[in-house]
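>>> 3D model of this:
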Amino acid sequence: MNWKGRNPRFTSNFISLNKIKASNLFKIAVIIALFILTLSLTNTSTNAETEIKTVYHVYINQQYIGAVSDKEIIEKLADSKIHNAQNQYGNDQIDISNKITYIPEQVFRPITDDNEAVQKASELLTIKAEASGILVNGQPIVYVQNEQDANTVIEKLKLHYISKTDLAEIKGKENARQPLPPLKKNQSSILDVSLGEKVSIQNGEISPDEILTVDQAVNYLLKGTLTEKKYTVKDGDVLGQIAEKHNLKVKQLLKMNPGIKEDSLKIGQQLKVTAYEPIVHVVVHKETYKEEKVPYKKEIIEDKSMAKGETKVKQKGQNGKTAITYVVTEENGNVIKENVQKEEIIKKPVTNIVVKGTKVVTSRGSGSFTWPTDGGYISSTMGYRWGKLHKGIDIARPSNRTIRAVDNGIVVSAGWDNGGYGNMIKIDHRNGFVTIYGHLNSINVSVGQTVSKGADIGVMGATGDATGIHLHFEVYQNGNLKNPLQYLR
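Numbering: from 1, shown residues only. From the prediction side, this is the model:
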């Protein structure tokens, strides 16, 4: 059957339907092709993911030092620094003081420089050590290795000024219930030892370089640091001595005090100097028992019946004795306070009483001589003996050895004579007479002194050319030697 011939419309519709089918098939083919391409791209992307690398950006205390391929590179550097420091300082309590931060990043093409990052990290990384700080008035001053060392430092500060025995006794007194035995003469007892500042211990972290040994810490705390001070010039001071006293050279002292010269110092002038000021002051309280002398008082009684210039001791002075208990405060070995806690008189002093003459006596003698000793006899008269003239008389064995002026006069000589007289006195009686007293043990008058008849002028002795204790007495009138027996009564 000829469908086309019989129905032309039908034939046209059939052709159109075929075209639609072809178009749909093309679309499907495109979709399938796109799907296959998508699968291909997905596989390619998955392969690329497996090639991404991780790098680490390193920060030390928030400072960027670079990227490394592995963070173990930096960690090994840190471990090496710690190990070396532990060996160097002999301290196991050492660590890195810096904060190290790693930030990872995944990249296709990593760019890193391990060597440069290690170099920068080596420069920045620092080490720290656990230590015990000694604080003075709340401020850290020194660090030692541990708390035990810190306590040893504090104990050694005290032991610098007291002994271990004293320190043990102080601790024993704190626990003792019975009173301690009384102190003996010139004996001391330590009451207490303390530090003048508030000293405490605080643990912390610090560079190992700053950790001191126990002895180093003690010396530093006691010696302190150089500080500027004022020095007041005293009588007898010279610039060189002042400089030496303060561990300075003269040039340094002059530089610190412009305007002064070596020969221009004045008493009371203040100079700038430097001196070590201790950081810690060790305060020691001690009790001391001493027996001290009490000086006697002196009293003078005037006597109108005695010639002016004459004196006699009515009562000889004697020192007394007192027992004193002091409480002494010392700061770094220097006494800063001394208080009397108890005082007891052991022996009262005896006042020295001297009678002083006020009677005005003329220096002119009467011409009538009194006996120059209290009794005695003439052991040798004036005249020749052994071929030599004996110029006077000798008097021996008196009731006492006091030598007296035979008349009023003025002492013109009193002292040692090289001519054999020994201790000798010569008195001018201002009336032509001169008398000489020789071989004295001691002399009680001085040149220029006016003496009265009977005044005590010396003590009999055996000085000079003498064979025994006696007085050698001579008389001159107008320069001529006279026999004393013609004038003595």
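
>>> Give me the residue at the spatial middle of this protein.
Centroid check for the chain by C-alpha atoms, centre = their mean gives N332 as the closest residue, at 5.9 Å.

>>> you'd agree it is up against Y161?
Yes. Contact criterion C-beta atoms under 8 Å: N332 and Y161 qualify, at 7.0 Å. Where C-beta positions appear, they are placed from N, C-alpha and C, glycine not excepted.

>>> Give me the common contacts of those two.
Counting by C-beta atoms under 8 Å, 6 or more residues apart in numbering, the contacts common to N332 and Y161 are V282.

>>> any idea of the pLDDT on the residue nearest to the centre of the chain?
Listed pLDDT for N332 reads 93.

>>> so what's the backbone phi/psi at it?
Main-chain torsions, N332, degrees, to the nearest 10: phi 50, psi 40.

>>> Which parts of this protein belong to which domain?
54-125, 132-176+185-222, 225-277, 284-357, 361-486 (automatic domain parsing).

>>> of all these, which gets the most neighbours per residue?
Of all the domains of the chain, domain 361-486 carries the top mean neighbour count, a mean of 17, counting by mean count of other C-beta atoms under 10 Å.

>>> Between the two ends of that one, how far is it?
Domain 361-486 has an end-to-end distance of 25 Å (criterion: C-alpha to C-alpha, to the nearest Å).

>>> For it, what does the pLDDT average out to?
The average pLDDT within domain 361-486 is 95.

>>> swap in stretch 122-140?
pLDDT averaged over stretch 122-140 gives 92.

>>> residues touching S194, list them.
Contacts for S194 were tallied using C-beta under 8 Å, 6+ apart; they are V282, V283.

>>> next one: G317
Applying C-beta under 8 Å, 6+ apart, the residues near G317 are Y296, K297, K298, P349, V350, T351, N352, I353.

>>> if we go to 6 Å?
Counting by C-beta atoms under 6 Å, 6 or more residues apart in numbering, G317 makes contact with Y296, V350, N352.

>>> And the pLDDT at it?
Per-residue pLDDT puts G317 at 96.

>>> Next one: it from I82, what distance?
Using C-beta to C-beta, to the nearest Å, we find G317 at a distance of 82 Å from I82.

>>> Give me the below-cutoff pLDDT ranges for the stretch 151-300 of the chain.
Scanning the stretch 151-300 of the chain for pLDDT under 70 picks out the ranges 174-181.

>>> For it, which segments count as helices?
With DSSP state H, counting those that start in this stretch as the criterion, the stretch 151-300 of the chain has helices at 164-175, 214-223, 239-245, 250-256.

>>> looking at those helices, which is closest to K312?
Closest of these to K312 is helix 239-245, at 48.8 Å (criterion: C-beta to C-beta).

>>> helices or strands next to that closest one in the packing?
Helices and strands touching helix 239-245, as assessed by 3 or more C-beta pairs under 6 Å, 6 or more residues apart in numbering; DSSP states H and E, comprise helix 250-256.

>>> Give me the nearest residue to A323, chain neighbours excluded.
E344 (4.7 Å; C-beta to C-beta, 6 or more residues apart in numbering).

>>> so what's R401 up against?
V459, M460.

>>> can you tell me how far it sits from D263?
57 Å.

>>> swap in I301?
Taking C-beta to C-beta as the criterion, I301 is separated from D263 by 52 Å.

>>> now K304
K304 is 57 Å from D263, by C-beta to C-beta.

>>> which one of the helices of the stretch 151-300 of the chain lies closest to G419?
Evaluated over the helices of the stretch 151-300 of the chain, closeness to G419 peaks at helix 239-245, with 49.5 Å, by C-beta to C-beta.

>>> Alpha carbons of the closest one, as PDB, please.
Extracted in PDB, the C-alpha atoms of helix 239-245 (Å, rounded to 0.1, in the frame of the first residue of the first chain):
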ATOM      1  CA  LEU A 239      93.600  64.500 100.600                       C
ATOM      2  CA  GLY A 240      95.700  61.400 100.100                       C
ATOM      3  CA  GLN A 241      94.400  59.800 103.300                       C
ATOM      4  CA  ILE A 242      90.800  60.600 102.500                       C
ATOM      5  CA  ALA A 243      91.200  59.100  99.000                       C
ATOM      6  CA  GLU A 244      92.900  55.900 100.400                       C
ATOM      7  CA  LYS A 245      90.200  55.500 103.000                       C
END
